[in-house]
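1. model this:
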Amino acid sequence: KNTGLTSSNHQKSSHQHQQHPARDNTTLEPKDKDSDVSPPALFGPSLPSYDIVVNTLYAAGHPVIPDMCDRVDKIMEQMMGKEAYLGWIGEWKTPPTSPQVIGTTTLQPDMKMHHTLIVIFSTTRNSSYIARARVLLKLVEDHNKLFSNEGEQGSDMQEKTKNIPSGWPTYRAYNSFLAGLNSLASVEVKRAWKKKQIAVNGGKYPTIESNAKFAMSLLDSMLHRDASMPNMDTFHYIMRLWSVSGSKYAGERGEELLSRMELHGACNFDELYDVMKSNHLSYEIALECWATSANAMQPGAARRALTLLERMESQCYKIDFKDDRDTKNTVQSNELTNIYNSNLSVEKETSFVYSAVIHACTLTRLNSDKDDAFRIAFDVYNRMTEHGIIPTQLIYRDLLNCCVLLPASAQKRRIQLSQTVFEAACENGCVDARVLSKLQQVNPDLHRSYEPLPEHSAALRELKRSFV
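-> Residues are numbered from 1 along each chain as shown. So this is what the prediction gives:
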C-alpha cells in the first residue's frame, strides 16, 4: 500500500540487493565455472520432520484418512528413495543392485518411525500391509544385531539398551501386529462362511494356525525387555487366533496361554506383571479354544472344557480361616481369594463362560464323546441356575442342539428333552429366531404348534438394556 518510496530509499534497497544477490536466487553458482566444487545441497526435510508427518497421519486414523497407507508410501519414497523403501519393507520386485542398498540412502528411519509404521500397517485389514508390519517388526527385533555389527559386543548392547524403549519393540507395536492378525483371521473366516467352504475344509484354517504359532514365538520375544512386556490383551489376541484356527490343538494352546497368565500373576509381585493377570474373559476365550478342538474331533475336548471351568470356579469361592495361630497365612490367602473374586466372580450376571462350555459340548463330533458331552452340557446348565446366573437365548439354542447328540434310537427321549428345554426358554423369556430355528430342526411338531407370546421374549429386552 505504501507507494511513496523516496529515491534515497530506492537507492539504499538497490545497494543492499547488489550486496546480497543470493537472497533472491534459488541456487548458488560456484565462483569458478571451471571448478569441480558442487553447489551446496538445498535445505530439505529432516528426519524429525518426517516423523512428525507420519505420526500426524497415524493420530488421525484410517477412518479419517482412508488412503493413509498410500500417503505413507509416497512420504517414505521421498525420504528414502523408492528402491530403498521397497527393500526396507521386503517388497523388492527384482534383486537389488549395489547402488540400491538401504545403507546408501540419505535419511534412514529411526526406531520411532519403525514403531509408527508397524501400527499403521497393522491396523489395516490388508494382508500385504500386515506382511510389511511383520518385516518391520523383525527389523526392530534385530536392532541390537545391527549395533553389534559396528564393533560392539551383543551382550554389551543388550545391557545398554535394556531400559531404552526405542531400542526394542514396544508392547504397543506387538499388540497392534497381533490385532492385525486377528483382523485377517476374521476376514478369512467370514469369507469361508459366505462361500460355504466350511463343509469343504472342515472348519480348518492352516493360515490362521500358522499365524497363531508365529504369535506364540513373538510372545517369548516380548518377555525379554521391560518395554515390550506383554499384557492381558497380548494373551487374548493369541488365544483368539487359536480359537478360530480350526486346529484340534487349539484347546491345549489356549489353556497353556491361560496357565502362563496365571503363573506370571501368581509368581511375580512386580507391578509390570499385574497387567498379565487373567479374568473371566481369559477363561471364556480358553473355553472357546476347547470348543474348536471339539469340532476338530479332539478326544475328550468337552471334558477338558469342564475341568477348566471347575478350575475357575475353585478360585471364586471364599475360604474362611478360623485358626488364629496362623494369622499371617490367613491374611495372604484372603487377599489372594479377593483378587480372584474381583476378576473371576461367578456372581456377575453373565453366562458367557458357562455358555462356552455348553457350546463345546454342542460341537462335539467324535462319536465316542457325544454321550459324555450331552451329560456335561445339562450339568453345566444346572450349575448355572444354582449360582443364580441368568441363561441367555444362546444357551437354550445350544441345549436344543445338544439333543441331537442323542442316538437315533433315543428319538422319544430327544423329543421329550427338547420340549423341556423349550418350556424353560419360554419361562425365562429367552425365545428368539435362533431358538425357534433350532426347535424346528429338533422337534418339528412342537415348532408348528407353538403360539408366541410377548412374555416369552421379555428377558431378551432386559439383556439388551443391560448390555447397553
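
2. for the protein, what helix or strand is lowest in average pLDDT?
-> helix 327-344 (a mean of 41; mean pLDDT, DSSP states H and E).

3. so what does the helix or strand following that helix touch, helix or strand wise?
-> Helices and strands here follow DSSP states H and E; after helix 327-344, the next one along the chain is helix 352-362. Using 3 or more Cβ pairs under 8 Å, 6 or more residues apart in numbering; DSSP states H and E, the elements in contact with helix 352-362 are helix 280-295, helix 301-314, helix 367-387, helix 393-402. C-betas here are computed from N, CA, C, even on glycine.

4. how about these in TSV, adding distance to I89?
-> Listed next are the helices and strands packed on helix 352-362 as TSV, based on distance: least, Cβ to Cβ, whole Å:
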stretch	distance to I89
helix 280-295	32
helix 301-314	41
helix 367-387	47
helix 393-402	43
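
5. With mean pLDDT, mean neighbour count and distance to K412 as new columns, can those be given to me in JSON lines?
-> As requested, those are arranged in JSON lines below (pLDDT from 0 to 100; neighbours: other Cβ atoms under 10 Å; distance: least, Cβ to Cβ, whole Å):
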{"stretch": "helix 280-295", "mean pLDDT": "94", "mean neighbour count": "25", "distance to K412": "27"}
{"stretch": "helix 301-314", "mean pLDDT": "92", "mean neighbour count": "20", "distance to K412": "24"}
{"stretch": "helix 367-387", "mean pLDDT": "92", "mean neighbour count": "17", "distance to K412": "15"}
{"stretch": "helix 393-402", "mean pLDDT": "93", "mean neighbour count": "24", "distance to K412": "16"}
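
6. Nearest to R253, out of those?
-> helix 280-295 (6.8 Å; Cβ to Cβ).

7. and the angle from that closest one to helix 301-314?
-> 170 degrees (axes from the mean of the first three to the mean of the last three Cα atoms, to 10 degrees).

8. Helix 280-295 vs helix 367-387, what angle?
-> 150 degrees.

9. what's next to the longest helix along the chain, contact-wise?
-> The longest helix of the chain (DSSP state H) is helix 171-194. For helix 171-194, the surrounding residues in contact (Cβ atoms under 8 Å, 6 or more residues apart in numbering) are 114-115, 118-119, 121-125, 127, 130, 133-134, 137, 140, 198, 201, 205, 207-208, 211, 215, 218, 222, 227-231, 233-234, 237-238, 240-241, 244-245.

10. From these, list the buried ones, please.
-> For the contacts of helix 171-194, a neighbour count by 16 or more other Cβ atoms under 10 Å gives the buried set as 114-115, 118-119, 121-124, 130, 133-134, 137, 140, 205, 208, 211, 215, 218, 222, 227-231, 234, 237-238, 240-241, 244-245.

11. in the stretch 1-150 of the chain, what spans have low per-residue confidence?
-> 1-43, 92-106, 143-150 (pLDDT under 70).

12. would you list every one of the strands in it?
-> When assigned using DSSP state E, counting those that start in this stretch, the stretch 1-150 of the chain turns out to have no strands.

13. of all the helices and strands packed on helix 352-362, which lies closest to M261?
-> Closest among those, using Cβ to Cβ: helix 280-295, at 6.0 Å.

14. Not counting its neighbours along the chain, what's nearest Q440?
-> H447 (4.2 Å; Cβ to Cβ, 6 or more residues apart in numbering).

15. Was I right to think the one you found contacts A433?
-> No: here H447 lies out of contact with A433, judged by Cβ atoms under 8 Å, at a distance of 11.9 Å.

16. neighbour count winner among those two?
-> H447 (16 against 9; other Cβ atoms under 10 Å).

17. re the thing from before, take the longest helix of the chain, keep the C-alpha atoms, and write them as CSV.
-> The C-alpha coordinates for helix 171-194 follow below in CSV (Å, rounded to 0.1, in the frame of the first residue of the first chain):
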residue,chain,number,x,y,z
TYR,A,171,4.2,-53.9,23.6
ARG,A,172,2.0,-51.5,21.6
ALA,A,173,3.8,-52.4,18.4
TYR,A,174,3.5,-56.1,19.2
ASN,A,175,-0.2,-55.8,20.2
SER,A,176,-1.0,-53.8,17.1
PHE,A,177,0.5,-56.5,14.9
LEU,A,178,-1.4,-59.3,16.8
ALA,A,179,-4.6,-57.3,16.4
GLY,A,180,-3.9,-57.1,12.7
LEU,A,181,-3.5,-60.9,12.5
ASN,A,182,-6.9,-61.2,14.3
SER,A,183,-8.5,-58.9,11.7
LEU,A,184,-7.1,-61.1,8.9
ALA,A,185,-8.4,-64.2,10.6
SER,A,186,-11.9,-62.6,11.0
VAL,A,187,-12.0,-61.7,7.3
GLU,A,188,-10.9,-65.2,6.3
VAL,A,189,-13.5,-66.9,8.4
LYS,A,190,-16.3,-64.6,7.2
ARG,A,191,-15.2,-65.2,3.6
ALA,A,192,-15.3,-69.0,4.1
TRP,A,193,-18.8,-68.8,5.7
LYS,A,194,-20.0,-66.6,2.8
